[in-house]
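Colleague: I would like the atomic coordinates for the input below:
(one chain, ligands or ions: 2)
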Amino acid sequence: MLGVALSYFLHFYTLVYHIFVPCVDPEQLLVKSVDQHQYLGKWFFKAAVSRRAADISKFKMFDNIAFTMEGTADRTLVLTGYMRMGDDCIKHNWTYHIQPGRDDMVLEGRTYRRNLLWNGTWANCQDCIIFQEVEPPLKETDSEDSLNRFMLYVRQKDVDSEVVTTFLRNSACHNMKESVRLPHEKEFCI
Ligand SMILES: *[C@@H]1O[C@H](CO)[C@@H](O)[C@H](O)[C@H]1NC(C)=O
Ligand SMILES: *[C@@H]1O[C@H](CO)[C@@H](O)[C@H](O)[C@H]1NC(C)=O
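Modeller: Ligands and ions are numbered 1, 2, ... in the order given. Here you go, the predicted structure:
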């Protein structure tokens, strides 16, 4: 009886907690002032969120994605993705430039896209990073960006699922209720 009462109480407490505790605001990492070396190496993609399903739907085709970040030249970073799709591995790279005076990174070939970094507070995870991609409205008359999505990257292959859950909860709190969480049923490609 006491156990049941306690579990009701805890359930109620959790509900109330989520109603009254405000959204956690993540901190933007200003690219021009961060030490880029701490972001080199391996990353594992865990989840993506957006206000619109279309912005993140393409991630649904992957079972898992691992990345490596390398510094290839002064203020140039190359991100290589190893994407698991069924039994196949797809490899692709993206080159980013860090430009003086800019707080985002510039993606080679898609300079109209803004690439912003946010710290792990969003997922309550010290060594996580949140990557935001924004593309401006297609027409001047459009009020909404044509792309706006956030992606969670973690350092450990098997990060606690609580990290992803926290990320999704805080995203929903910021009105980004569409999400894709990769199943990770197969081996990583690296
Ligand atoms: C990125 O991919 C291109 C095309 O596949 C390849 O030629 C290039 O060497 C790659 N760059 C790096 C740094 O891996
Ligand atoms: C994120 O940034 C804030 C403000 O700089 C800092 O207080 C917090 O510890 C950082 N959180 C993580 C998880 O790095």
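Colleague: which elements pack onto the strand or helix carrying Arg84?
Modeller: For Arg84, the host element (DSSP states H and E) is strand 76-85. The elements that strand 76-85 packs onto, with contact taken as 3 or more CB pairs under 8 Å, 6 or more residues apart in numbering; DSSP states H and E, are strand 64-73, strand 88-98. To be clear about C-beta, it is placed using only N, CA and C from the backbone, and glycine gets the same treatment.
Colleague: hmm, 10 Å instead?
Modeller: Applying 3 or more CB pairs under 10 Å, 6 or more residues apart in numbering; DSSP states H and E, one finds that strand 76-85 makes contact with strand 41-50, strand 64-73, strand 88-98, strand 105-107.
Colleague: any idea which of those strands gets closest to Ala172?
Modeller: In terms of CB to CB, the element of the helices and strands packed on strand 76-85 nearest to Ala172 is strand 41-50, at 7.9 Å.
Colleague: I'd say Gly109 and Trp94 touch.
Modeller: Yes. Shown here, Gly109 and Trp94 form a contact pair, counting by CB atoms under 10 Å, at 8.4 Å.
Colleague: of these two, which one has the most company?
Modeller: Neighbours were counted for Gly109 and for Trp94 using other CB atoms under 10 Å; Trp94 has more, 17 against 7.
Colleague: measure the more buried one to His37 for me?
Modeller: 19 Å (CB to CB, to the nearest Å).
Colleague: ditto for Leu77
Modeller: 10 Å.
Colleague: common neighbours of these two, please.
Modeller: Shared contacts of Leu77 and His37 (CB atoms under 10 Å, 6 or more residues apart in numbering): Gly71.
Colleague: when those two are compared, which one has more neighbours?
Modeller: More neighbours surround Leu77 than the other of Leu77 and His37, with 19 against 8 (other CB under 10 Å).
Colleague: excluding chain neighbours, what is closest to that one?
Modeller: Nearest residue to Leu77, sequence neighbours excluded (CB to CB, 6 or more residues apart in numbering): Tyr96, at 4.6 Å.
Colleague: so what's that neighbour scoring on pLDDT?
Modeller: Looking at Tyr96, its pLDDT is 95.
Colleague: that one touches Met69, doesn't it?
Modeller: Yes. Using CB under 10 Å, Tyr96 makes contact with Met69 at a distance of 9.0 Å.
Colleague: spit out the residues that contact the two alike.
Modeller: Jointly contacting Tyr96 and Met69 under the rule CB under 10 Å, 6+ apart are Gln36, Leu77, Val78, Leu79.
Colleague: doesn't Arg75 make contact with the first one?
Modeller: Yes. Under the criterion of CB under 10 Å, Gln36 makes contact with Arg75 at 8.0 Å.
Colleague: for Ser171, grab phi and psi.
Modeller: Torsion angles at Ser171 (phi, psi; degrees, to the nearest 10) stand at phi -70, psi -40.
Colleague: contacting residues around it?
Modeller: So Ser171 contacts 23, 26, 47-51, 122-123, 130, 150, 152, 177-179 (CB under 10 Å, 6+ apart).
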